[in-house]
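S.K.: Got a predicted model here, sequence first, then my questions.
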Amino acid sequence: MVAGDEAAYRTFYDAYVDRLSRYLLVVAAGNEDAMREALQATLVRVVRHIKVFPGEAEFWSWLTVLARSALTDQTRKRRRYLAFLDRFTQHARVQREAANDSQADAKLLALLDRSVAALPSDERELVERKYFAHRSVREIAGEVQTTEKAIESRLSRIRSKLKDAMLAALKHDLPD
């Protein structure tokens, strides 16, 4: 085999492939797919790194080291691949959820715009001053010449009215 003799490789294959298969099946805890992959990798390593050994025991020991390292490499490769797939699917899921969230946000904002537009003009003006113009309750109270408590109370009632209107609209839009 060291000289590249194909007949020598066939002799090696016939003598050791079943033994290596059984060994790898035990080391792979019964996982036949992992055993087959590791066996192929082991045979490639044998061809690439073959050398002369003093006896059969040393040769078998070398084969088992090659087989275990091939199985370990295959296991690591599989784990890296599965981890990559997990990261990829997680990234795709996050992207999908972000797109769904932005669509949901856009729908909610449109619903909020419609609900605010449906308010009576004095309530709509109050909401616009507080939440769109970012005015303080104190400033609004001074402008309409009332107390801060009265403004806070009116805003609370308006928010409740908007919430009820939006929930009703959302309930109406949901499929049964």
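M.R.: Sure, I can see it.

S.K.: So the residue of the chain most remote from its centre versus residue 130, what's the distance?
M.R.: Within the chain, the residue lying farthest from the chain centre (CA atoms, centre = their mean) is residue 145, at 55.8 Å. According to CB to CB, to the nearest Å, residue 145 and residue 130 sit 16 Å apart. In this view, the C-beta of every residue, glycine as well, is placed from N, C-alpha and C.

S.K.: likewise residue 15?
M.R.: In this view, residue 15 and residue 130 are 88 Å apart by CB to CB.

S.K.: These two: which is more packed in?
M.R.: When residue 15 and residue 130 are compared for neighbours, residue 130 comes out ahead with 20 against 11, by other CB atoms under 10 Å.

S.K.: tell me the contacts of the more buried one?
M.R.: 137, 140, 155 (CB atoms under 8 Å, 6 or more residues apart in numbering).

S.K.: Tell me which helix or strand the last one sits in.
M.R.: Assigned by DSSP states H and E, residue 155 belongs to helix 148-173.

S.K.: between the lowest-mean-pLDDT helix or strand in the chain and helix 148-173, how big is the angle?
M.R.: One helix or strand of the chain scores below all others by mean pLDDT, DSSP states H and E: helix 56-117, with a mean of 88. For helix 56-117 against helix 148-173, the angle by axes from the mean of the first three to the mean of the last three CA atoms, to 10 degrees is 120 degrees.
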